[in-house]
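# compute the structure for the input listed below.
(chains A and B)
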Amino acid sequence: MTETSRYADWSFDHQITIESFGLAIRLESNEAGLLRSLEELARRVLLGDIKIIENNEPVMSFAIGVDHSHERYILFNDDTYSHDSSSLDIVLELFVRLLRLFVAEFARDRVFVHAGVVEWKGKAIVIPANSGMGKTTLVVEFVKQGAVYFSDEYAIFDESGYVHPFTRDLSVRSPGKVWSEKNGVPVEHFGGTRGVDPIPVGLVVLTEYAESSVWQPELLSYGRGIIEMVQHTISLNAEPEFSLKVLKSALENAIILKCLRGDAREAAKNILSFCDNSLH
Amino acid sequence: MNSSQFPLARKNGLVIQEVPNEVLVLDLNSNKAHCLNETAALVWKSCDGNNSVSDIANLVKASKGAAVSDDLVWLAIDQLNESNLLEARVQAPFPGTSRREALKKIGLASMIALPIVASLAAPKSAMASTSCFCDTNADCTLQAGCSPVCTGSNGSCVAADPGASSKTSSRS
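Predicted coordinates for the structure are as follows:
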């Protein structure tokens, strides 16, 4: 932290307010070029679901200040110091992560669940999992085997329980390399296509990687499936009743499986074969 | 058997959602989600502070059309206690017996499904968990509350000593 870490000490002359998923968010900077970068990043991260609005009472704000004398970039989140680095990339990446999580947690009329999602014959296969649990690896395998890409990060449900596509570039990571939003891989690179319209959930697979594991899925009850999903539901804190109601709608006609998985290619093959035999 | 106790279901700080044959309960105080199967849900709904354990057994019996023992109700109450879904803790009478043994004994004699309360932790605020993002060790030391070593593999701060506590950021 530096002496420039007090929000009140800054003059952020360049500001815009954006709206995304029903939330008004103010973006600020002391440099016009940096503000443009924030807006572009916001547009990319939220997949274009933003518009610039006139609003003096945003529910959240993000500001990045450039401190030339100390060669530092400082990120403020809701007028409070958040991060400070000599690397603009680091600060922008943290901004991206905070922005996306904020929208995921507080979005109006939507419930965000940490999950990979693909479409198979008109139904969504949802794989809820925390970060770093191999969602992207599995999603890539599904896509290679013909499934339509929906998301490698969030299942976004509307009030009726339909899943909406969130087709950002895939976060395929290389060992020893820090992943950031700007080096995501387009799904087309894997021969895939992106989902367009919201679809109902056909299958939920709660799975974890375990070396040499055999495909032996356990069928979960409707209620058990919902509380397993609750663990990954980002909006639960902000809107617990709405979130639970939406999950109930989303899983109403879904099959819910829990299992360990080995190799992602084999797991995707087993799951798609299960869908072919069980989803109508 | 202590049937003179009158368990009362907790209502405050809970979000309740019914699905066919199950009841889901979100405990906003403890950040836990519970799934009560039909038997556990029937017992819980009958815990109105006026019904004794024997009364509850009769209510469940009437609903399910099968004989229900007080022991089965106690088994449900024991789990409801543990999940903090009762206003006041009620001591379940399984002296000298583990719940597993009680389950076995009751299960063999029961005509209806044994009560089950499955519980899982619900997530805390996602915004609150995002911090300790780094490119170099200096980024870690500059952030209050973060461990000092930056891992290049995932760009988060971890403890230098594997035994020490660490506050790390999860990656998307």
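# next one: the closest residue to residue B:116 other than its chain neighbours relative to residue B:58, how far apart?
With sequence-adjacent residues excluded and distances taken as Cβ to Cβ, 6 or more residues apart in numbering or on different chains, residue B:116 is closest to residue B:37, at 4.5 Å. The way it works is simple: take the backbone N, C-alpha and C, and place the C-beta from them, glycine included. In this view, residue B:37 and residue B:58 are 20 Å apart by Cβ to Cβ, to the nearest Å.
# next: residue A:264.
53 Å.
# contact partners for the residue nearest to residue B:116?
By Cβ atoms under 8 Å, 6 or more residues apart in numbering or on different chains, the contact set of residue B:37 is A:221, A:223, B:21-22, B:113, B:115-117.
# and the least confident of those?
The lowest pLDDT within the contacts of residue B:37 belongs to residue B:113, which sits at 86.
# next up, the contacts around the spatially closest residue to that residue that is not a sequence neighbour.
Residue nearest to residue B:113 in three dimensions, not counting chain neighbours: residue B:39, with 5.2 Å by Cβ to Cβ, 6+ apart. Applying Cβ under 8 Å, 6+ apart, we find residue B:39 in contact with B:60, B:64, B:72, B:76, B:112-116.
# you'd agree residue B:39 is in a strand?
No: in this structure, residue B:39 is helix, not part of a strand, as judged by DSSP: H, G, I helix; E, B strand; the rest coil.
# run a quick neighbour tally on whichever residue of the stretch 101-250 of chain A sits closest to chain B.
Closest residue of the stretch 101-250 of chain A to chain B, Cβ to the nearest Cβ: residue A:223 (3.2 Å). Using other Cβ atoms under 10 Å in any protein chain shown, residue A:223 has 27 other residues around it.
# just residue A:25 next, same as before
Residues near residue A:25, counting by other Cβ under 10 Å: 24.
# hang on, it is in a strand, isn't it?
Yes: counting by three-state DSSP, one finds residue A:25 located in a strand.
# residue contacts, it?
Contacts of residue A:25 (Cβ under 8 Å, 6+ apart): A:17-19, A:42, A:58-62, A:99, A:102-103.
# thinking again about what came up before, ok, the residue nearest to residue B:116 to residue A:89 distance?
Taking Cβ to Cβ, one finds residue B:37 at 51 Å from residue A:89.
# contacts for stretch A:68-82?
So stretch A:68-82 is contacted by A:1-2, A:4-7, A:10, A:28, A:60-67, A:83-88, A:90-91, A:94-95, A:98, B:131 (Cβ under 8 Å, 6+ apart).
# which of those residues count as buried?
A:4-5, A:7, A:10, A:28, A:60-67, A:83-86, A:90-91, A:94-95, A:98, B:131 (16 or more other Cβ atoms under 10 Å in any protein chain shown).
# any stretches of the stretch 151-280 of chain A with poor pLDDT?
A:174-182 (pLDDT under 70).
# show me which residues of it sit near chain B.
For the stretch 151-280 of chain A, the residues in contact with chain B (Cβ under 8 Å from any Cβ of the partner chain) are A:153, A:171, A:173, A:175-179, A:221-224, A:226-228, A:230-234, A:236-237, A:240-241, A:244-245, A:248.
# buried only: go through those residues for me.
Buried among those (16+ other Cβ under 10 Å): A:153, A:171, A:173, A:178-179, A:221-224, A:226-228, A:230-234, A:236-237, A:240, A:244-245, A:248.
# quick one: the residue nearest to residue B:113 and residue B:24, what's the gap?
15 Å.
# next: residue A:256.
13 Å.
# again, but for residue A:48
Applying Cβ to Cβ to residue A:48 and residue B:24 gives a distance of 35 Å.
# these two: which has the busier surroundings?
residue B:24 (24 against 10).
# list the contacts of the closest residue to the more buried one other than its chain neighbours.
Once flanking residues are discounted, residue B:24 sits nearest to residue B:17: 4.5 Å by Cβ to Cβ, 6+ apart. Listed by Cβ under 8 Å, 6+ apart, the contact set of residue B:17 reads A:226, A:244-245, A:248, B:23-26.
# out of these, which is nearest to residue B:50?
Comparing these against residue B:50 with Cβ to Cβ picks out residue B:23 as the nearest, at 20.4 Å.
# just say helix, strand or coil for that closest one.
strand.
# now swap in residue A:19 and tell me
Applying three-state DSSP: residue A:19 is strand.
# just confirm it contacts residue A:50, I think it does.
Yes: with contacts counted by Cβ atoms under 8 Å, residue A:19 reaches residue A:50, the gap being 6.6 Å.
# looking at these two, which one has more neighbours?
More crowded of residue A:19 and residue A:50, by other Cβ under 10 Å: residue A:50, with 22 against 16.
# thought residue A:43 was touching the more buried one, still the case?
Yes: using Cβ under 8 Å, residue A:50 is in contact with residue A:43, at 5.6 Å.
# for chain A, what's the nearest residue on chain B?
Closest point on chain B to chain A, by Cβ to the nearest Cβ, is residue B:22, at 3.2 Å.
# now that residue: closest residue in space that isn't a chain neighbour?
residue A:223 (3.2 Å).
# same check, this time on residue B:18
residue B:24 (7.6 Å).
# roughly how far does the one you found sit from residue A:163?
Residue B:24 is 20 Å from residue A:163, by Cβ to Cβ.
# let's see the pLDDT reported for residue B:76.
Reported pLDDT for residue B:76: 93.
# contacts only, for it.
Contacts of residue B:76 by Cβ under 8 Å, 6+ apart are B:39-40, B:43-44, B:115, B:117.
# try it again at 7 Å.
If you count contacts by Cβ atoms under 7 Å, 6 or more residues apart in numbering or on different chains, residue B:76 has them with B:39-40, B:43, B:115.
# domain map for chain B?
With domains defined by automatic domain parsing, chain B comprises B:14-121, B:125-172.
# ends of the first one, what's the gap?
If I follow you right, that is domain B:14-121. From its first residue to its last, domain B:14-121 covers 14 Å (Cα to Cα, to the nearest Å).
# returning to that earlier point: so what pairs up with the residue nearest to residue B:116 in the strands?
Bridge pairing for residue B:37 (DSSP bridges) gives the partners residue B:22.
# so what touches stretch A:130-149?
A:114-116, A:118-120, A:127, A:129, A:152, A:167, A:170-172, A:187, A:190-195, A:208-209, A:232, A:264-265, A:267-269, A:272, B:170-172.
# filter the residues you listed to the buried ones?
A:114-116, A:118-120, A:127, A:129, A:152, A:167, A:170-172, A:187, A:190, A:192, A:194-195, A:209, A:232, A:264, A:267-268, A:272, B:170-172.
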